[in-house]
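Student: Got a predicted structure plus its sequence, pasted below:
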Amino acid sequence: MRYHQSGNIPQKRHTIFKSPENKFYYEQLFGTEGFHGISSLLYHIHRPTQIKSIGNAKDVTPKIAVDKNVTPRMFKGMNVTPEDDFLDSRKFLMVNNDLKMGLSKPRKSTDYFYKNAECDELLFVHQGTGILKTFVGNLEFSVGDYLIIPRGTIYQVELHSDDTVFFVLESHSPIYTPKRYRNEFGQLLEHSPFCERDIVAPTFVEPKDEKGEFLIKVKKENQITDFIYATHPFDVVGWDGYFYPYKFNIKNFEPITGRIHQPPPVHQNFEGHNFVVCSFCARMYDYHPMAIPAPYNHSNIDSDEVLFYTEGDFMSRNHIDLMDFTLHPGGIVHGPHPGAMERSIGKKFTEEYAVMVDPFKPLKITEEALKVEDPSYKTSWLEEQDKTIEDRSQE
């Protein structure tokens with residue numbers, strides 16, 4: 001992340017700061033990992049601590065159906081059930097102690113405020129447009145946007161249609177850009193597949209000076225608790241620092257290509273503790289005269305591999321629909337479907353877009369996932385007897 005400043009702030013931190021009416025503004029340090037991680041300083045019209053009441057907690061722990069999984073699986077995202085409520089719509093399909101991920105199809109904007117007090121959130125916009133409204137400003141979003149929302153961010157989501165679809169990932173560790181693409185000062189290097197110009201910070205919005213009863217739903221330890229605060233949480237007159245939500249569009253990722261097939265790490269976009277997130281984007285295929293553009297068979301011995309298909313035709317898979325998830329568990333060999341390798345030879349370009357998550361600890365499968373699973377996927381590498389494929393392989 002890079003330093004950003006919006007609105008009005010005092011010349012020096014932790015000093016008296018007053019409004020034109022000579023009223024105090026109230027400073028808040030917003031950051032993670034104690035006082036060691038990146039942070040921002042926010043300046044509120046009112047004290048941000050004024051709790052009026054706390055309601056009962058609602059348990060939202062994902063229900064595990066398969067605790068130890070070694071089976072390749074496909075989950076049909078098209079069949080995930082939409083919900084009116086933004087939080088109720090989150091259907092987590094795969095989880096471990098580091099992250100939870102799945103699909104969200106909310107039909108209505110939030111009329112409450114929300115704060116994940118434990119996890120950073122990554123929302124990838126598969127379908128729809130809207131505005132992510134936060135206490136440090138707004139981010140307009142559209143198809144292909146990654147919304148990175150640090151834990152502790154208070155936000156609302158305004159949807160412009162009732163058919164929005166998010167790929168959702170909650171991370172128990174901060175989500176960063178890859179360290180290997182940054183120098184010791186944090187600047188993205190010249191060989192990085194994206195740069196700071198591609199990262200969009202929130203647009204500042206005039207603060208809300210309102211008193212009353214404001215519902216903030218707070219999530220922690222798989223429970224959502226209703227907090228009623230006495231003042232509007234979006235009363236920030238200014239802020240600065242390195243810790244804030246931002247967006248990055250997948251089509252601003254510049255793929256790294258080569259004469260022969262490049263391994264998945266060249267597609268890496270983000271990372272957290274024990275996982276990476278990659279963006280597979282439209283790109284030139286490998287250009288060695290004897291290159292095979294399809295990925296080679298491989299074993300991810302130390303990680304599971306999840307792919308979410310969002311746009312185009314994914315050349316290494318047969319019978320894939322947009323919004324599908326595939327899961328290839330660590331230690332089990334996987335690779336292109338029958339005929340995919342042969343079809344790829346001589347191809348020059350691909351228009352595919354997909355989000356890949358590689359967790360380094362095994363994933364558990366939820367009950368929600370089994371509701372939308374295609375059970376035939378695990379045997380889909382059996383050789384097809386289609387004559388055209390056999391002929392093509394002999395050319």
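Tutor: Sure thing, it's come through. Fair warning: this is a prediction, and the values are worked out from it, not measured in the lab. Numbering: from 1, shown residues only.

Student: show me the contacts for His160.
Tutor: Applying CB atoms under 8 Å, 6 or more residues apart in numbering to His160 gives the contacts 128-130. (C-beta placed from N, C-alpha, C; glycine too.)

Student: Show me which of these are buried.
Tutor: With burial judged by 16 or more other CB atoms under 10 Å, the buried subset of the contacts of His160 is 128, 130.

Student: quick one: which of the contacts of His160 is nearest to Glu368?
Tutor: Distances from the contacts of His160 to Glu368 were compared by CB to CB; the smallest belongs to Gly128, at 20.7 Å.

Student: Tell me, how many residues neighbour the residue lying closest to the closest one once chain neighbours are set aside?
Tutor: Distances taken as CB to CB, 6 or more residues apart in numbering put Thr164 closest to Gly128, at 3.1 Å, once the chain neighbours are dropped. Residue neighbour count, defined by other CB atoms under 10 Å, stands at 25 for Thr164.

Student: picking that back up, adding distance to Thr32, pLDDT and secondary structure, write the contacts of His160 out as JSON lines.
Tutor: Conversion of those to JSON lines gives the following (distance: CB to CB, whole Å; pLDDT from 0 to 100; DSSP: H, G, I helix; E, B strand; the rest coil):
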{"residue": "Gly128", "distance to Thr32": "29", "pLDDT": "97", "secondary structure": "coil"}
{"residue": "Thr129", "distance to Thr32": "30", "pLDDT": "98", "secondary structure": "coil"}
{"residue": "Gly130", "distance to Thr32": "26", "pLDDT": "98", "secondary structure": "strand"}
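
Student: Surely the residue nearest to Gly128 is in contact with Ile131?
Tutor: No: Thr164 is not in contact with Ile131 according to CB atoms under 8 Å; the separation is 11.6 Å.

Student: Buried ones in stretch 176-186, by neighbour count?
Tutor: If you call a residue buried by 16+ other CB under 10 Å, then stretch 176-186 has these buried ones: 176-178, 181.

Student: Would you format the residues you listed as a markdown table with distance to Tyr146 included?
Tutor: Conversion of these to a markdown table gives the following (distance: CB to CB, whole Å):
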| residue | distance to Tyr146 |
| --- | --- |
| Tyr176 | 13 |
| Thr177 | 11 |
| Pro178 | 14 |
| Tyr181 | 16 |
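
Student: just curious, which of these is nearest to Glu342?
Tutor: Within the buried residues of stretch 176-186, the smallest distance to Glu342 is 33.5 Å, found for Pro178 (CB to CB).

Student: contacting residues for the closest one?
Tutor: 268-271, 276.

Student: Out of the residues you listed, name the ones that lie in strands.
Tutor: Restricting the contacts of Pro178 to those inside strands, with DSSP state E as the criterion, leaves 268-271, 276.

Student: Okay, and the nearest residue to Phe214 once chain neighbours are set aside sits in which element?
Tutor: Counting by CB to CB, 6+ apart, the nearest residue to Phe214 once its immediate chain neighbours are dropped is Tyr229, at 4.8 Å. Take DSSP states H and E as the rule and Tyr229 turns out to sit in strand 223-231.

Student: Next, the buried residues of the next helix or strand after that strand.
Tutor: Going down the chain from strand 223-231, the next helix or strand is strand 236-241, by DSSP H and E. Buried positions in strand 236-241, judged by neighbour count with 16+ other CB under 10 Å: 236-241.

Student: Distance check, the residue lying closest to His319 once chain neighbours are set aside against Ile228.
Tutor: For His319, ignoring the flanking residues on the chain, the nearest one in space by CB to CB, 6+ apart is Ser380 at 7.3 Å. Ser380 is 51 Å from Ile228, where distance means CB to CB, to the nearest Å.

Student: same thing with Pro82?
Tutor: In this structure, Pro82 and Ile228 are separated by 28 Å, where distance is defined by CB to CB.

Student: what's the answer for Leu169, then?
Tutor: Plainly put, Leu169 is 29 Å away from Ile228 if you go by CB to CB.

Student: Then Val333?
Tutor: Distance of Val333 to Ile228, given as CB to CB: 54 Å.

Student: Which one of the two is surrounded by more residues?
Tutor: In terms of neighbours (other CB under 10 Å), Ile228 is the more surrounded of Val333 and Ile228; the figures are 15 against 12.

Student: show me the contacts for the more buried one.
Tutor: In this structure, Ile228 makes contact with 51-55, 213-216, judged by CB under 8 Å, 6+ apart.

Student: among those, who's most crowded?
Tutor: Neighbours here are counted as other CB under 10 Å. On that basis the top member of those is Phe214, with 20 neighbours.

Student: and it, helix, strand or coil?
Tutor: Using DSSP: H, G, I helix; E, B strand; the rest coil, the structure places Phe214 in strand.

Student: pretty sure it contacts Phe113?
Tutor: Yes: look at Phe214 against Phe113 with CB under 8 Å: they come within range, at 6.6 Å.

Student: residues shared between the contacts of those two?
Tutor: Common contact partners of Phe214 and Phe113 (CB under 8 Å, 6+ apart): Pro233.

Student: Give me the neighbour count for Asn79.
Tutor: Asn79: 14 neighbours (other CB under 10 Å).

Student: Not counting sequence-adjacent ones, nearest residue to it?
Tutor: Of all residues not flanking Asn79 in the chain, Val372 sits nearest, at 4.3 Å (CB to CB, 6+ apart).
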